[in-house]
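Participant: here is a sequence with its predicted model. Questions after.
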Amino acid sequence: MEHVKVQLTGKQADGYVIALGPVNLVNVVTDVGMVGCGAFDVAALNNFGYPAARVRPSQGSSIATIEELLQGIVKEANPAAEKLGLKVGQTGKEALELL
């Protein structure tokens with residue numbers, strides 16, 4: 001597992017890359033919520049009131065790095081995240097700035 005600090009406006013977040021065979025599980029967690037790759041079930045996280053969004057790659061077929069996650073495009077945000085202003089079409093970085 002790789003852990004990196006991600007600098008946001010006014011705070012830092014924790015980025016994680018977990019190798020799962022041929023793919024990586026990638027997410028960034030703030031003190032409020034998270035943005036992750038397509039493998040995350042953001043609807044299930046909403047059951048706990050946890051703001052979360054998942055992104056699709058802006059290029060290529062999958063997200064493998066934190067940088068790709070930041071550049072990716074939000075394809076789903078759960079209701080808890082939408083209340084904070086997250087919207088489909090934002091970049092991963094834009095979404096994280098709202099968390």
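Facilitator: Structure received.
Participant: each with direction, which strands does the top strand by length along the chain pair with?
Facilitator: Assignment by DSSP state E gives strand 11-20 as the longest strand of the chain. According to DSSP bridges, strand 11-20 forms sheet pairs with strand 2-8 (antiparallel), strand 23-29 (antiparallel).
Participant: tell me the buried residues in the last one?
Facilitator: The one in question is strand 23-29. Buried positions in strand 23-29, judged by neighbour count with 16 or more other C-beta atoms under 10 Å: 24-29. Just so you know, the C-beta spots here come from the backbone N, C-alpha and C atoms, and that holds for glycine as well.
Participant: which element follows it toward the C-terminus?
Facilitator: Following strand 23-29 in sequence order, the next helix or strand is strand 34-36 (DSSP states H and E).
Participant: residues making contact with the next helix or strand after that following strand?
Facilitator: Scanning forward in sequence from strand 34-36 by DSSP H and E, the next helix or strand is helix 42-46. Contact with helix 42-46 is made by 34, 36, 51-54, 76-81, as judged by C-beta atoms under 8 Å, 6 or more residues apart in numbering.
Participant: scan the residues you listed and report the most crowded one.
Facilitator: residue 53 (30 neighbours; other C-beta atoms under 10 Å).
Participant: which SSE is it in?
Facilitator: Using DSSP H and E, residue 53 falls in strand 52-56.
Participant: phi, psi for the residue of the chain most remote from its centre please.
Facilitator: Distance from the C-alpha centroid of the chain, by C-alpha atoms, centre = their mean, peaks at residue 21 (20.5 Å). According to degrees, to the nearest 10, the main-chain angles of residue 21 amount to phi 70, psi -120.
Participant: which stretches of the protein have low pLDDT?
Facilitator: Along the chain, no part satisfies pLDDT under 70.
Participant: gap between the residue nearest the centre of the chain and residue 90?
Facilitator: In the chain, the C-alpha nearest the mean C-alpha coordinate belongs to residue 35, at 1.6 Å (C-alpha atoms, centre = their mean). Counting by C-beta to C-beta, to the nearest Å, the gap from residue 35 to residue 90 is 9 Å.
Participant: overlap of the contact sets of the two?
Facilitator: When contacts are counted by C-beta under 8 Å, 6+ apart, the set common to residue 35 and residue 90 consists of residue 74.
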